[in-house]
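Q: structure for this input, please:
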Amino acid sequence: MEAENFLASGFGTRLSIESKSSGWGQLSEKARTWQPSRLKGIQVSADFGTPFLAATQVFDVRPIPRKWLSLNRTADHAERFVKHGTILVTCSGSVGRATLAHSSIDGILVSHDLLRIDAIDPSWRGWVYAYLRAPSVRDMMMAAQYGHIIKHLETHHLDALPLIEPSNAKMLADCNDGFDQVIACRNSARKKMEEAEAAFGGNFGNTAGADDEAAFVRRASDCLFGNRRRFDAWSHNPQKSEIETRLRKGASSWTSLRDAKCDVWLPNRFKRVPAEDGVSLIDSSQIFEINPDYARRISAAGIADKNNGYVKPGWLMMSRSGQVYGLLGSVAIATEQHEGKVVSDDVIRIAAGDTIAPGYLYVAMSHPELGRPRTKSLAYGSSIPHIEVEDLKDFAVPRLEAEKEKHIASLAEEAFSLWAKADEVENELAELAEAEIERFLRGKGHSS
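A: The predicted structure is shown next:
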């Protein structure tokens, strides 16, 4: 009964499709849409539980579980594991965002807040996914949502969604190829990144680290006369010290970002002035997502950064604020997908120097055991911790033999290229489906 739904552009598109006498059917005729029951799991420690992902975490390039659930106390837990190739669609909040399940969520319980869609006929899998990614279909899903504060979609909303038939059989085959390529690229990217991290970590042994939440004592003189007079515990925690001791045993030398001639800077703070014909804005969370929605456009007039807020492929981007259990200190490598878009002023830019490869620097800073705990230790502040550019410039990177660094860098950079390629193919599928919808609405006929 919400009036806004009947005024939405998606509602008009739906009426136009349904007014046609042939060439379309309901989604339920080609795909099964289902949803697990509402989750009532018992949260336990990581040592005893099964990792769990909320709906938005499934869209992370590298999902990191923050909760672990007791499998024995989780009803219908088998339905909460998702197999490769299942289409996942957000059904609450920002509804209608679709993605494909791949190896990053293997063995992980996935929230009931994602609708699951499987093609009844596998030969339609690619077309169903391309269709759901098309902007006008996303508008149709948003026109079907309900709720005042938090919007929702139900399975029957998608079942009744009009699905047009592709104009020829080749399009079905092309969409299937793209569907499979997206999954293959993301699976391969994950594998290469894990290989890069294993190659890096293999140089430093395998010793257990300290608990980052255990109590510890430090001399006041250590805080007063070094480390920029840092009194916050994060910069002195024993986990960081043990990691650096472990790194020293395997490193051939050390170099700071400053000494490696890396350019490290933060843009000036700029106003987000909405502008329909402006540039796309990438916020600090979107640099860690697969194919994010770049919905915001702003005027670039007030940006005085030396690169006008843009980034170049190969630069590293670090989230400088947030919580230590979240994105704070996380790093990503800019790809062609980021070109032509303004990146948030809350993201530190790092242009690697000539003596260190971006891929190697990324692994050294983001390795889950040997890098990320050290970058998080740079943070200061109690409510919303921040990382200061000057502290980051003094971040010490363990160096290895040139061939080892080259191998690690190559794997990491290939992984980001594959993630970008998957996004590109996914966008091409959406554009193809959008063009088909426009053709159908113009009344063009089918071809063999």
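Q: what about the stretch 101-250 of the chain, any weak spots by pLDDT?
A: Applying pLDDT under 70 to the stretch 101-250 of the chain flags the ranges 148-149, 206-216, 218, 222-231, 233-234.
Q: which residues in it form helices?
A: Counting by DSSP state H, counting those that start in this stretch, one finds helices in the stretch 101-250 of the chain at the ranges 125-133, 135-144, 155-159, 169-201, 220-224, 238-250.
Q: show me the contacts for residue 437.
A: Shown in contact with residue 437 (CB atoms under 8 Å, 6 or more residues apart in numbering): 13, 17, 134, 136-137, 164. From N, CA and C alone the C-beta is placed, and that goes for glycine too.
Q: pLDDT weak spots in the stretch 301-448 of the chain?
A: Checking the stretch 301-448 of the chain against pLDDT under 70 turns up 444-448.
Q: again, only using 80
A: 301-305, 382, 444-448 (pLDDT under 80).
Q: got the residue ranges for the strands in it?
A: 316-319, 331-333, 342-343, 347-351, 396-399 (DSSP state E, counting those that start in this stretch).
Q: list the beta-bridge partners for residue 50.
A: residue 69 (DSSP bridges).
Q: any idea how many residues pack against it?
A: By other CB atoms under 10 Å, 21 other residues sit near residue 50.
Q: next: residue 19.
A: Counted with other CB under 10 Å, residue 19 comes out at 9.
Q: how about it, phi and psi?
A: Main-chain torsions, residue 19, degrees, to the nearest 10: phi -80, psi -10.
Q: how much space separates it from residue 157?
A: 20 Å (CB to CB, to the nearest Å).
Q: go on, residue 65?
A: 29 Å.
Q: now residue 394: closest residue in space that isn't a chain neighbour?
A: residue 256 (5.1 Å; CB to CB, 6 or more residues apart in numbering).
Q: wait, that neighbour touches residue 397, no?
A: Yes - when contacts are counted by CB atoms under 8 Å, residue 256 is listed as touching residue 397 (7.2 Å).
Q: which one's more surrounded, the two?
A: residue 397 (23 against 13).
Q: hang on, isn't the more buried one packed against residue 252?
A: No - using CB under 8 Å, residue 397 is not in contact with residue 252, being 11.7 Å away.
Q: burial count for residue 403?
A: 8.
Q: neighbours of residue 351, how many?
A: Neighbours around residue 351, by other CB under 10 Å: 17.
Q: list the beta-bridge partners for it.
A: Where residue 351 sits in a bridge, its partners, by DSSP bridges, are residue 263.
Q: which ones are touching it?
A: 262-264, 312, 314-316.
Q: a markdown table please, covering the residues you listed and showing neighbour count.
A: Conversion of those to a markdown table gives the following (neighbours: other CB atoms under 10 Å):
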| residue | neighbour count |
| --- | --- |
| 262 | 23 |
| 263 | 13 |
| 264 | 20 |
| 312 | 12 |
| 314 | 15 |
| 315 | 20 |
| 316 | 24 |
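Q: what is the nearest of those to residue 73?
A: Lowest distance from residue 73 to those (CB to CB) belongs to residue 316, with 41.5 Å.
Q: surely the closest one and residue 329 touch.
A: No - between residue 316 and residue 329 there is no contact under CB under 8 Å: 11.9 Å.
Q: nearest residue to the residue positioned nearest the centre of the chain in space, please, no chain neighbours.
A: Note on the chain: the residue nearest the mean C-alpha position is residue 289, at 1.6 Å, using CA atoms, centre = their mean. Spatially, and ignoring its direct neighbours in sequence, residue 289 is nearest to residue 59 (5.0 Å; CB to CB, 6+ apart).
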